[in-house]
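Asks: Model the following, please.
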Amino acid sequence: MTTFDFTNADSYILNCSTLLTELPVMERAQAAKDAGFSQVEFWWPFDGNPRPTSAEVDEFIASLDKAGVELRGLNFWAGNMAAGDRGMVSIKGAEADFAANVEIVVEIGRRTGCRAFNALYGLRTEGQAPEEQDEVGLENLKFAADAVAAIEGTVLVEPVSGADDYPLKRASDAAEVVQRVRAQGVANIAVLADFFHMSINGDDVAAVIEADAAKFGHIQIADAAGRGAPGTGELPLQDWIDRSYELGYTGSIALEYKQDRATAFEWLAN
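Replies: Okay, here's the model as predicted:
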């Protein structure tokens, strides 16, 4: 069983898209390193552009290399997150951009060693039937999983809170999508268990852990209410993490909370 040091920065992957946001994206890897982290993850870091130039990709990878941090997680292009998009996987008409993005994600993974890739499912969209969107989602997820399999990568699917039109709200919703893709002969796809989103959306997180912890592809945490650092809310995050490992979870824990840079890491021991 993994022994998890809850207050040690080096135990975690730092999400540099919810934290350190006072800084430009290309400066966040170094700031993470300066704060004591050696592992990072990012949402798609190219301002909603599914097809960044080679120079832009090079700049991003150079920022990681210069800082000496390991990229452990990366989101596929998810549309314009600032404008409210929550993924393009199930959006009809976005298939060509998504496919092009997958190729770039695989390149970044190959060059950095990143092997975990989060595919936000997308919102229910006016004029698009849910069953049609789900068929697009199934095809896109299979395409992405097949592509990242070449670098031994895994596609992650997560429940999300705060977006009424996002259809995957509970862990069971994400697990159902994962199972549909697996039924197509795809093995490298799993649920991303975001304990904050699951809690906010009404999941019995402890029960989900008991049933499925060994199947989780990744875990992200933030406290609730408020989505702040551990200890700012009421969630038993340490207990949930420890129990997940006891039940066979073998992955990492990512910090995906939102807090100002000045106070974000005061709860850590180092």
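Asks: remind me which residues of the stretch 1-150 of the chain are low pLDDT?
Replies: 1-2 (pLDDT under 70).
Asks: how about 80 then?
Replies: Along the stretch 1-150 of the chain, segments meeting pLDDT under 80 span 1-3.
Asks: where along it do the strands fall?
Replies: Secondary structure of the stretch 1-150 of the chain (DSSP state E, counting those that start in this stretch): strands at 12-15, 39-42, 70-75, 116-118.
Asks: Next, find the distance separating G79 from I91.
Replies: G79 is 7 Å from I91, where distance means C-beta to C-beta, to the nearest Å. Just so you know, the C-beta spots here come from the backbone N, C-alpha and C atoms, and that holds for glycine as well.
Asks: Give the residues shared as contacts by the two.
Replies: G122 (C-beta atoms under 8 Å, 6 or more residues apart in numbering).
Asks: Geometric centre of the chain: which residue is closest?
Replies: Taking C-alpha atoms, centre = their mean, the centroid of the chain lies closest to N118, which sits 4.6 Å from it.
Asks: Could you give the bridge partners of it?
Replies: N75, L156 (DSSP bridges).
Asks: got the contact list for it?
Replies: By C-beta under 8 Å, 6+ apart, the contact list for N118 reads 73-76, 155-158, 192, 218.
Asks: Please apply the same query to V186.
Replies: Applying C-beta under 8 Å, 6+ apart to V186 gives the contacts 141-142, 145-146.
Asks: Then G217?
Replies: 116, 154, 156, 189-192, 251.
Asks: For S199, see how far away it is.
Replies: Here G217 is placed at a distance of 19 Å from S199 (C-beta to C-beta).
Asks: can you tell me which helix or strand A207 belongs to?
Replies: Here A207, judged by DSSP states H and E, is contained in helix 205-212.
Asks: hang on, isn't Y166 packed against G137?
Replies: No - with contact defined as C-beta atoms under 8 Å, Y166 does not reach G137; the gap is 12.0 Å.
Asks: Pick out whichever of these two has more residues nearby.
Replies: When Y166 and G137 are compared on other C-beta atoms under 10 Å, the one with more neighbours turns out to be G137, at 25 against 22.
Asks: The closest residue to the more buried one other than its chain neighbours: what's it in contact with?
Replies: Leaving aside its sequence neighbours, G137 sits nearest to S90 (C-beta to C-beta, 6 or more residues apart in numbering; 3.5 Å). By C-beta under 8 Å, 6+ apart, the contact set of S90 is 121-122, 133-134, 136-137, 140, 167.
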